[in-house]
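1. Generate a structure from the sequence data that follows.
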Amino acid sequence: MLRFLGLRLSRALLTLVLVVSFAFVVLRLSGDPALLIMSADAPPEAIAAFRRAWGLDDPIWVQYLRYFTAILQGDLGMSMRSGRSAISLVAERIPATLALTLPALIIKIGLGVPAGIYAALHRNSAIDRAVMLLAVAGFTVPSFVLGLLLVLLFAVQLGWLPSGGQDSWRHAILPIITMGFGGAAVLARFTRSAMLEVLGQPYMRTALAKGVPWHAAVRRHALPNAAIPTVTIIGFMIGSVLAGAVVVESVFSWPGVGRLLVVAVANRDLAVVQCILLLVAATMIVSNLVVDLLYGVLDPRLRSAAKGGA
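-> A predicted model of the protein is given here:
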């Protein structure tokens with residue numbers, strides 16, 4: 001088990017290094033932050049002074065080493081736009097993003113998993129076809145299209161809910177539904193496929209031949225084995241809660257991390273973008289590590305393999 005954890009942590013650290021390096025290089029090759037912040041009409045002396053102040057006139061490898069050393073010391077840089085630390089700007093936006101993503105995640109799991117299980121246990125029924133129809137719709141319709149349709153219906157036509165902002169809890173309803181519906185559709189589809197595959201396995205037929213009641217066989221054998229691919233999808237959703245909020249927060253003008261990322265990229269606010277990307281990567285890595293550990297709980301074969309390799 002220690003070897004297993006050590007391998008996963010090593011991969012996690014390598015992934016973080018690659019993400020930081022990729023973000024650093026791409027952002028600096030995509031445009032000059034001095035021209036965006038100072039504007040192209042600014043005097044050349046002012047632009048040159050700005051570059052010197054932020055170290056942008058140094059060779060890119062010098063900038064990279066300076067940035068990477070600062071990260072190792074816990075310094076994620078300062079915003080070129082506001083002059084504040086990048087981590088403080090991101091931290092004050094996280095509660096707004098979590099106010100959307102956590103309820104949406106509950107909707108995804110609370111609707112998607114039971115719907116997929118029920119559809120699989122009642123295959124080819126009217127409910128199964130209805131669940132799959134909604135799943136396909138939620139899987140194929142982009143979140144920004146769904147968000148705009150909800151705004152058009154509930155905000156413009158009916159006037160029941162506000163179209164954007166963060167003034168009250170009512171402003172969060174449409175973005176939560178937008179994020180939750182698509183994820184629930186994905187989970188329902190994958191859960192149904194996993195359940196159908198498990199229900200056709202020989203051990204299910206053997207259990208039923210031995211006289212085990214159908215519901216007991218489903219509870220003891222089908223659900224634990226079908227949970228493994230489902231947990232993978234849930235782990236990916238948890239890991240991508242921050243990244244997945246970019247589009248929805250932009251559509252509904254929600255002041256979260258996703259909207260901050262869009263603004264920071266447009267302004268070439270390097271430290272803020274790199275801080276958000278690092279946060280997203282760390283969230284993904286932690287969620288994947290938790291999923292790997294859950295595999296050992298759900299699948300006894302993986303526990304045996306881990307003990308054998310220790």
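2. And the spatially most central residue of the chain, how close does it get to Ile106?
-> Closest residue to the average C-alpha location of the chain: Ser240 at 0.8 Å, with C-alpha atoms, centre = their mean. Distance, Ser240 to Ile106, by C-beta to C-beta, to the nearest Å: 16 Å. The way it works is simple: take the backbone N, C-alpha and C, and place the C-beta from them, glycine included.
3. can you check Leu293 too?
-> Counting by C-beta to C-beta, the gap from Leu293 to Ile106 is 22 Å.
4. With Pro213 instead?
-> 31 Å.
5. In contact with Val257, which residues?
-> Contacts for Val257 (C-beta atoms under 8 Å, 6 or more residues apart in numbering) come out as 90, 93-94, 96-97, 242, 245, 249, 276, 279.
6. Leu294 now?
-> Here Leu294 is in contact with 231, 235 (C-beta under 8 Å, 6+ apart).
7. what pLDDT does it get?
-> pLDDT, Leu294: 74.
8. so where does it fall, helix or strand?
-> Using DSSP states H and E, Leu294 falls within helix 270-298.
9. neighbours around the closest residue to Asp292 other than its chain neighbours, how many?
-> Nearest in space to Asp292, with sequence neighbours left out and distances taken as C-beta to C-beta, 6 or more residues apart in numbering, is Arg8 at 5.8 Å. Arg8 is flanked by 15 other residues according to other C-beta atoms under 10 Å.
10. Was I right to think Arg8 contacts Val286?
-> No - Arg8 lies out of contact with Val286 (C-beta atoms under 8 Å); the separation is 10.6 Å.
11. Can you show me the helices along the stretch 201-310 of the chain?
-> Using DSSP state H, counting those that start in this stretch, the helices found in the stretch 201-310 of the chain span residues 202-209, 214-217, 223-239, 245-251, 257-266, 270-298, 300-309.
12. Can you add distance to Ile37 and give those helices back as TSV?
-> Conversion of those to TSV gives the following (distance: least, C-beta to C-beta, whole Å):
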stretch	distance to Ile37
helix 202-209	63
helix 214-217	64
helix 223-239	32
helix 245-251	22
helix 257-266	11
helix 270-298	10
helix 300-309	51
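13. Check the offset of stretch 25-42 from the chain's centre.
-> Between the centre of stretch 25-42 and the centre of its host chain there is 29 Å, according to C-alpha atoms, centre = their mean, to the nearest Å.
14. Name the residues that touch it?
-> 46-47, 50-51, 54, 56, 60, 63-64, 80-81, 267-270, 273-274.
15. In it, which residues are buried?
-> 27-28, 33-34, 37-38 (16 or more other C-beta atoms under 10 Å).
16. quick one: average pLDDT of it?
-> Here the average pLDDT along stretch 25-42 is 72.
17. so what are the domain limits for the protein?
-> 1-73, 87-308 (the TED database).
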